[in-house]
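Novice: next come a sequence and a model predicted from it.
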Amino acid sequence: MKERLVVIPTYNEIENIEAIIRKVFSLPEPFDVLIVDDGSPDGTAQCVRDLQEEFSGTGRNARLHLLERRGKLGLGTAYIDGFKWALSRGYQYLFEMDADFSHNPDDLVKLYHACADEGPDRADVAIGSRYIRGVNVVNWPIGRVLMSYFAGVYVRFITGMSVMDPTAGFVCYRANVLEVILHNPIKFVGYAFQIEMKFTCWKYGFRLKEVPIIFTDRTKGVSKMSTKIFKEAVFGVLQMKISSFFRHYIPRKQAPETMAEPVDAV
C-alpha cells in the first residue's frame, strides 16, 4: 500500500527541485513525492520528468510524480489538487512541504511518527512549528520574524485556536482528516490557506499537535511572499471566523467517505 506522500508545489524552483527530491528519497523511511508545478518557465517540470526515469519511471511502482497546471493558480489550490490526487490513490499520510529547503526534509520523519505512532498523544494533524519552543527561525530579517510571530497571536485571538504557528506550511495530515475537510471548499489560496486548513481541522474536532522544527530561509530562488498574500491572511481570518458561525461542522465520524474526482498526474 502507498503510505506516505509529500506534496511540493513549485513555481520557478529549478535551483532547488532536484536537490529537495534527492534529499527526500535519501531518508531512512520511504516517502513518495508529488510535485505540483504551475507552469514554471524555468524548466522545473522538465527536471522532474528527467528524474522520474531514475526513480522507477512511471506507473504503479513510481515514487516520483508530477502534476502540471497551467499558470500560477495559487498555493492553496496546488495543495488541494495534490491531496485529492493522493487520496484517490490510497495514500494514508499526506505532507505539505516547500521546495526551497526552508523546511528540513529530515523532519518529515518526526511529523510522520507524530501521526502514525499509537498512543494517547497520536495526532490527526502534525504541524512543523517554528514557535512552539521559542522562536526557531534562521536568516529572516527581524521585521519578518515579528510579522510572522504576531500573525500567530492575532490568529489565536480571533479564532480561539491554541496553535502557536497557524501559518506553518510544513504539515502532515492523516488521510481521514482530508477526506472530511475537503468535502467543503477551502476558500483561500495564499498565506491564509494554511490558517483555514488548521482552523477547519480544529472545528471538526481533530487533534492538532505541534512538532518543533528549525525554519531556515531559502538560500536559492525567490520568495513568493507578497503584501497581497499577507493582507489576505489578516482580513481572511476575520471573514473565516464570522463564516464559521453559519456553518454546520458534521461530526467527523459521520462525514462522507468518498472524494471528488481524482486529478491526473504522471
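Specialist: Structure received. Since the model is a prediction, treat every value here as computed from it, not as a measurement.

Novice: in stretch 179-190, what's buried?
Specialist: Across stretch 179-190, burial judged by 16 or more other Cβ atoms under 10 Å covers 179, 180, 181, 182, 186, 188, 189, 190. C-beta here means a position set from N, CA and C on the backbone, and glycine is covered the same way.

Novice: my read: the last one touches residue 77, true?
Specialist: It stands for residue 190. No: assessed by Cβ atoms under 8 Å, residue 190 is found out of contact with residue 77, at 10.2 Å.

Novice: so residue 210, which of the three states?
Specialist: At residue 210, secondary structure determined by DSSP: H, G, I helix; E, B strand; the rest coil is strand.

Novice: for it, what are its contacts?
Specialist: By Cβ atoms under 8 Å, 6 or more residues apart in numbering, residue 210 lies in contact with 126, 127, 129, 132, 163, 164, 165.

Novice: let me see the ranges of the helices in the stretch 1-150 of the chain.
Specialist: Taking DSSP state H, counting those that start in this stretch as the criterion, the stretch 1-150 of the chain contains helices spanning 17-25, 44-54, 75-87, 107-116, 142-159.

Novice: and the angle for the shortest one with helix 107-116?
Specialist: Angle of helix 17-25 versus helix 107-116, following axes from the mean of the first three to the mean of the last three Cα atoms, to 10 degrees, is 50 degrees.

Novice: got it, and the last one?
Specialist: Following the same axes, to 10 degrees, one obtains 10 degrees for the angle between helix 142-159 and helix 107-116.

Novice: what mean pLDDT does the next helix or strand after helix 142-159 have?
Specialist: Stepping forward along the backbone from helix 142-159, the first helix or strand reached (DSSP states H and E) is strand 171-174. Predicted confidence along strand 171-174 averages 98 (mean pLDDT).

Novice: return the list of helices and strands in contact with strand 171-174.
Specialist: Using 3 or more Cβ pairs under 8 Å, 6 or more residues apart in numbering; DSSP states H and E as the contact criterion, the neighbours of strand 171-174 among helices and strands are strand 93-96, helix 107-116, strand 125-129, helix 191-203.

Novice: of all the contacts of residue 210, which two lie farthest apart?
Specialist: Taking Cβ to Cβ as the measure, the contacts of residue 210 reach their widest spread between 126 and 164, a distance of 13.5 Å.

Novice: okay, those two: which has more neighbours?
Specialist: Each of residue 126 and residue 164 has its neighbours counted (other Cβ atoms under 10 Å); residue 126 has more, 27 against 19.

Novice: now the lowest-mean-pLDDT helix or strand in the chain, how far from the centre of its chain.
Specialist: None of the helices or strands of the chain scores lower by mean pLDDT, DSSP states H and E than helix 227-244, at a mean of 77. In terms of Cα atoms, centre = their mean, to the nearest Å, the centre of helix 227-244 is set 18 Å apart from its chain centre.

Novice: what does it rub up against?
Specialist: 147, 151, 154-155, 158-159, 167, 187-188, 190-192, 195-196, 199, 203.

Novice: make CSV out of the helices and strands packed on strand 171-174 and add mean pLDDT.
Specialist: Compiled in CSV, these are given as follows (pLDDT from 0 to 100):
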stretch, mean pLDDT
strand 93-96, 98
helix 107-116, 98
strand 125-129, 98
helix 191-203, 93
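
Novice: switch these over to CSV; also include distance to residue 215.
Specialist: Converted to CSV, the helices and strands packed on strand 171-174 look like this (distance: least, Cβ to Cβ, whole Å):
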stretch, distance to residue 215
strand 93-96, 14
helix 107-116, 10
strand 125-129, 8
helix 191-203, 13
